[in-house]
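**Q** Have a look; sequence and predicted model below, questions after that.
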Amino acid sequence: MSARRDSRRAANGAAGPAAARRAGTAVAPGTHRFRGTWIFDLDNTLHNATPHIFPHISRCMTAYLQEHLQLDADDASALRIKYWRRYGATLLGLMRHHGTDPGHFLWHTHQFPELARMVVADHALVHTVRRLPGRKILFSNSPAHYAHAVLDVLGLASLFDSVYAIEHVRYQPKPLRGGFRRLIAQERLVPGRSVMVDDSLPNLRAARLLGMRTVWVSREPRAPDYVTVRVSSVRQLPRLLDDLGMAG
């Protein structure tokens, strides 16, 4: 199911973990006129997932492999890491080598009873994202139910026009081109008028090769040449439209 079809279901009141929201965002008076699209990553871009979220997901994935592949903890952890390094996502290795049902895996490895306490957020981002002219799309390698839950905690849910989770790109996560191409086709994006905002260099390299402008969210002092702009925080974006060549 595509994010666009999900969004129509959400508009009609349908519920469920895959329901995507669409909400138009008005351009504030005095801001640049921007007819392009911002494409945001979620984890470690809009919030800090390193302290609590990522360790929890790793533990849940290891436990899942233990239960469903009958492995001990060490072997399950090693296999999780092996598939992540080889395929870019543990899920892809499980699908290829073990016939794992992706929906079952993603649902059971992304449960967060105390999500609001675990999300490390900068609440000023609500004001920042609201100020940005143009469309906003979330493009995450996470499952839809998790992506929407995090957006709710961040207070950003109503500011995104579309949400693309891994289900919506046929389980082709970033940086695989298949996922990007499906997003571009579904949203009728013009890559040259699109900006990818992400903390991952492989994801940004893939976006740049497709013609997008790129913003690297990082505190590293130097950036590779396929990065258009480096920022330490998404809060810097409203000041950088000219640097991105997207003002006018």
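**A** Sure, I can see it.

**Q** what about the helices in the chain?
**A** 3-11, 53-69, 73-87, 90-98, 102-109, 115-118, 125-131, 144-154, 177-187, 201-209 (DSSP state H).

**Q** Would you reformat these as CSV and include distance to Val215?
**A** Just so you know, the C-beta spots here come from the backbone N, C-alpha and C atoms, and that holds for glycine as well. Converted to CSV, those look like this (distance: least, CB to CB, whole Å):
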stretch, distance to Val215
helix 3-11, 21
helix 53-69, 21
helix 73-87, 25
helix 90-98, 26
helix 102-109, 27
helix 115-118, 25
helix 125-131, 13
helix 144-154, 18
helix 177-187, 16
helix 201-209, 8
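
**Q** what's the most buried one of those helices?
**A** When you average the neighbours per residue for each of those (mean count of other CB atoms under 10 Å), helix 144-154 leads with a mean of 22.

**Q** so that one versus helix 53-69, what angle?
**A** Here helix 144-154 points in a direction 160 degrees away from that of helix 53-69 (axes from the mean of the first three to the mean of the last three CA atoms, to 10 degrees).

**Q** Flag the shaky bits of the protein, pLDDT-wise.
**A** Scanning the chain with the threshold set as pLDDT under 70 gives 1-35, 246-248.

**Q** most centrally placed residue in it?
**A** If you average the C-alpha coordinates of the chain and look for the closest C-alpha using CA atoms, centre = their mean, you land on Ser140, 2.2 Å from that point.

**Q** Excluding chain neighbours, what is closest to that one?
**A** Nearest-residue entry for Ser140: Leu42, 4.1 Å, with adjacent residues in sequence omitted and distances by CB to CB, 6 or more residues apart in numbering.

**Q** Just to check, the one you found is in contact with Ala147?
**A** Yes: applying CB atoms under 8 Å as the test, Leu42 and Ala147 come out as touching, 5.8 Å apart.

**Q** Asp225: how many residues sit nearby?
**A** Asp225 sits with 6 neighbouring residues when counted by other CB atoms under 10 Å.

**Q** And Arg96, how far from Tyr171?
**A** 11 Å (CB to CB, to the nearest Å).

**Q** show me the residues around Leu189 that make contact.
**A** Applying CB atoms under 8 Å, 6 or more residues apart in numbering, we find Leu189 in contact with Thr37, Ile39, Leu183.

**Q** Can I get those in TSV including distance to Asn48?
**A** Formatted as TSV, the entries for these read as follows, by distance: CB to CB, whole Å:
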residue	distance to Asn48
Thr37	25
Ile39	20
Leu183	25
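
**Q** contacting residues for Ile57?
**A** Contacts for Ile57 were tallied using CB under 8 Å, 6+ apart; they are Thr109, His110.

**Q** Is Leu79 in contact with Gln70, as I believe?
**A** No: assessed by CB under 8 Å, Leu79 is found out of contact with Gln70, at 11.8 Å.

**Q** Got phi/psi on the nearest residue to Met118 once chain neighbours are set aside?
**A** Sequence neighbours aside, His52 is the residue nearest to Met118 in space, at 3.9 Å (criterion: CB to CB, 6+ apart). The phi and psi values for His52, taken as degrees, to the nearest 10, are phi -130, psi -40.

**Q** what number of residues lie near His52?
**A** The local packing count at His52 equals 16, with neighbours defined by other CB under 10 Å.

**Q** correct me, but it touches Ala121?
**A** No: under the criterion of CB under 8 Å, His52 makes no contact with Ala121, lying 11.4 Å away.

**Q** and stretch 169-185, how far out from the chain's middle?
**A** Computed by CA atoms, centre = their mean, to the nearest Å, the separation of stretch 169-185 from the middle of its chain amounts to 12 Å.

**Q** Same check on stretch 59-76?
**A** Per CA atoms, centre = their mean, the displacement of stretch 59-76 from the mean C-alpha position of its chain is 26 Å.

**Q** And for stretch 68-78?
**A** 28 Å.
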